[in-house]
Each structure stands twice: as structure tokens, then as C-alpha cells.
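Visitor: Quick one, what's the 3D model for this:
(one chain, ligands or ions: 1)
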Amino acid sequence: MSSYSFENRVVIVTGAGNGLGRSHALEFARRGAKVVVNDLGGSGRGEGESKSVSDRVVEEIRGAGGTAVANADSVEQGDKIVQCALDNFGRVDVVVNNAGILRDSSFQKMTDEDWSLILRVHLTGSYSVTHAAWPYMRAQGYGRVLMTSSGAGIYGNFGQANYSAAKLGLHGLAQTLAIEGGPRGIQVNTIAPIAASRLTETVMPPAMLAGLNPDLVTPLAVYLCSENCAESGQIFEVGGGWVTRLRWEQSRGALFDADTRFDVEALAARWQEVQSFEGAMHPDGIGNTLQIVGEHLGIDMEIAPQ
Ligand code: NAI
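Guide: Numbers count the residues shown, from 1 in each chain. This next block holds a predicted model:
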């Protein structure tokens, strides 16, 4: 058995009817997983629905000798999607949160509906499916969860205020779930992909799309969801054959004594120290900052885990 086999594993891939999700689902199935192919089957703007979209990918998987079941619920109803995994395959080992839509517009023109629908599908949808799977993963002492973020969330992108907020929110969620899930064998990571799909075909020129096959993202998704992977709480950019990890960088900053006057003038005088990345640090938890502030103030800032 290959060490990247998913034999006896049950994998839910949301939004698996097209693009990246379809590519992930086919590959997990090829590696022996029993796959729940979830897809609401609506438009790229989140209008309408159709069962035929998930059915088509299930047919592809079965045609290649794999095992899969179609599910056409919205990710907002995560309990139904997880129930589908339990009813058909008896367990759930992996959740790949991938479903997504776009409602792009400049912030000035953004409607409340554009804002809330994007938050609901991306952020609440990923919460909903993961939350429904969580108790089963905890009970079996094993789970892998993947969030699908975006460069728009990490860096910002004109016309995508709603999407950016949801997409970086997903990584915040992933980081906390990595902390909470770690002791129970649950690992949670985030990818920010770039790929040709119906979501990008209208914004990227054909020559660019030609190099960005979704299949070039899937190996990272599979790796992060494998038994072998030790990563958790990490975020990676991936696409067009490039895989790279991101991390936070923190300047050494400026420490101001409590007994000297700390006002905006004092801050401005030392602005260079605040923003210089010379000798930068790479904090990997909330404790790093608390430790520095604690040492500065002479106070024990350690917070006991709940
Ligand atoms: P896609 O449109 O080909 O696939 C998304 C799938 O999600 C569709 O099949 C759609 O029907 C499904 N879906 C939408 N709303 C759903 C809901 N409420 N419940 C269940 N399924 C639903 O798009 P693509 O590009 O494959 O996107 C996959 C993910 O990757 C999305 O989360 C997207 O935001 C993200 N992403 C894609 C990038 C790219 O370059 N293609 C860049 C950054 C992020």
C-alpha cells in the first residue's frame, strides 16, 4: 500500500462538481478513499442548484473503479453532508472545505446580500461542515481538515471585500481548530490556490489560464489530508506548479517604559523601530507576544489552556 493511500478513509470534498474540488475528489478516490462528492450545482454567483453536477463527478469516479456518493446540499447545511458520509460509509476522516462562489463588486457598490452570501457560503459553510464532522473526528482520534483560502484574503484584491474577509477568516478558524484538534489527532491546514476554473476564466487571460490546471493544486490538498502529514495550522499558496508556505513576520518593535510618557509623539520618534524588519521574529502562537510584553512589564503572562 502506498503511504499516500486513502484506503478505508472517508473523504468529504465540498464543491466537488467543478474545478479544484472535482480534481481533489478524483484524486482521493484514485487513492482508495470513499468520497462524498458534495456540490450544490448553482452558478458561480450562487444562483440556482442542480444535482447533476455532483452526479457527473461520481459517475467519473465510479467509471474509474472508485467509490463515491453524490450530495447536493449546500455547505450551509453541513450536518446533512456529514450525515451522507455516515449513512453511506459509516465514518468521516477528511473534510476538504472547497465550495465557493463570487459576488465581486467595489466596496462602494457592495450590497448587504453580496456581503452576507459570500460570508455564508465560504466561512459559515466551512464552519458548518467541519463542526458537524468534528465530534466524529474527536471520538475516533483522527481527522484532517482543509480550508480553501485565497490570495485575495491574504493580500486584498480590488472588488473582493466580502470574499477577502471570508477567505482570511477561514485561516483564523483553521489556526484555532489546529490548536483545539491537535490533542485529538485532528490536523487543520489552509491552502490559497490559484487555478483555471469558472471562477477565474472571466478575470484571467487564456494564456494564463492554460498554465493553471487545477490538478497542479491537488497534490498539496492530498498531502495535507494524508496520515503522513505532520503539519497543522499552516497556510500554503499553491498553483501552476509552485507550492509555498507563508508565515507571520513580526518586527522587533519598540518597547516603551511605563514610567515615561507614552504618547503619539514618543511613538512617532521611534517609528523606525516599529516598522523595521531587521532581525524580525516569526511568532507561531499568541504566547510569543504575551511573553515579550510580560518580560517588559515584569508580569507572568502565561495563560493556562482551558
Ligand atoms: P468552481 O466554481 O469551479 O468550483 C466551486 C464549486 O463550489 C462549484 O461546483 C459550485 O457549484 C460549488 N458550490 C458553490 N456554492 C456551494 C454551496 N453553497 N454548497 C455546495 N457547493 C457549492 O471554482 P474553483 O475555482 O474550483 O473554486 C474552488 C475553491 O477555491 C473556492 O472556494 C474558491 O474561492 C477557491 N479559490 C479558487 C481560486 C482559483 O484561482 N480558482 C483562487 C483562490 C481561491
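Visitor: what secondary structure does residue 129 sit in?
Guide: Here residue 129 is recorded as helix under DSSP: H, G, I helix; E, B strand; the rest coil.
Visitor: Could I get the contacting residues of it?
Guide: The contact partners of residue 129, taken as CB atoms under 8 Å, 6 or more residues apart in numbering, are 12, 14, 38, 75, 78, 81, 82, 95, 97. Yep, even glycine has a C-beta here, placed from its N, CA and C like the rest.
Visitor: Nearest residue to it in space, please, no chain neighbours.
Guide: In space, residue 129 comes closest to residue 78 once its chain neighbours are excluded; the distance is 3.6 Å by CB to CB, 6 or more residues apart in numbering.
Visitor: Tell me if that neighbour really is in a helix.
Guide: Yes. The assignment for residue 78, made by three-state DSSP, places it in a helix.
Visitor: ok so, going back, any idea which of the contacts of residue 129 is the one closest to the ligand?
Guide: Within the contacts of residue 129, proximity to the ligand (CB to the nearest ligand atom) peaks at residue 75, which comes in at 4.0 Å.
Visitor: hmm, back to that, unless I'm mixing things up, the residue nearest to residue 129 is touching residue 134, no?
Guide: No. The pair residue 78 and residue 134 fails to qualify as a contact (CB atoms under 8 Å) at a distance of 9.9 Å.
Visitor: So those two - more neighbours on which side?
Guide: Here residue 78 and residue 134 are compared on neighbour count by other CB atoms under 10 Å; more neighbours surround residue 78, at 26 against 21.
Visitor: Measure how far stretch 16-32 is from the centre of its chain, please.
Guide: Stretch 16-32 sits 16 Å away from the centroid of its parent chain (CA atoms, centre = their mean, to the nearest Å).
Visitor: which residue does the stretch 51-200 of the chain bring closest to the ligand?
Guide: Taking CB to the nearest ligand atom, the stretch 51-200 of the chain has residue 100 as its residue nearest the ligand, at 2.5 Å.
Visitor: got the phi/psi numbers for that residue?
Guide: Here is the backbone geometry of residue 100 (degrees, to the nearest 10): phi -170, psi 160.
Visitor: near the ligand, which residues of the protein?
Guide: Taking CB under 6 Å from any ligand atom as the criterion, the neighbours of the ligand within the chain are 14-15, 17-21, 38-42, 44, 46, 53, 74-76, 98-101, 121, 125, 148, 150, 193-195, 197-200.
Visitor: count of neighbours near the residue of the stretch 201-306 of the chain found nearest the ligand?
Guide: Of the stretch 201-306 of the chain, the residue with the smallest distance to the ligand, taken as CB to the nearest ligand atom, is residue 214 at 6.2 Å. Around residue 214 sit 19 other residues, with neighbours defined as other CB under 10 Å.
Visitor: Enumerate every residue touching it.
Guide: Shown in contact with residue 214 (CB under 8 Å, 6+ apart): 19, 20, 22, 23, 193, 195, 196, 197.
Visitor: Pull the contacting residues for the third one.
Guide: Counting by CB under 8 Å, 6+ apart, residue 22 makes contact with 16, 57, 214.
Visitor: Just the pLDDT for the residue of the stretch 201-306 of the chain closest to the ligand.
Guide: Among the per-residue scores, residue 214 holds a pLDDT of 98.
Visitor: Quick check: phi and psi on it?
Guide: Here the main-chain torsion angles of residue 214 (degrees, to the nearest 10) amount to phi -50, psi -30.
Visitor: Distance-wise, check it relative to residue 76.
Guide: Computed with CB to CB, to the nearest Å, the distance linking residue 214 and residue 76 is 24 Å.
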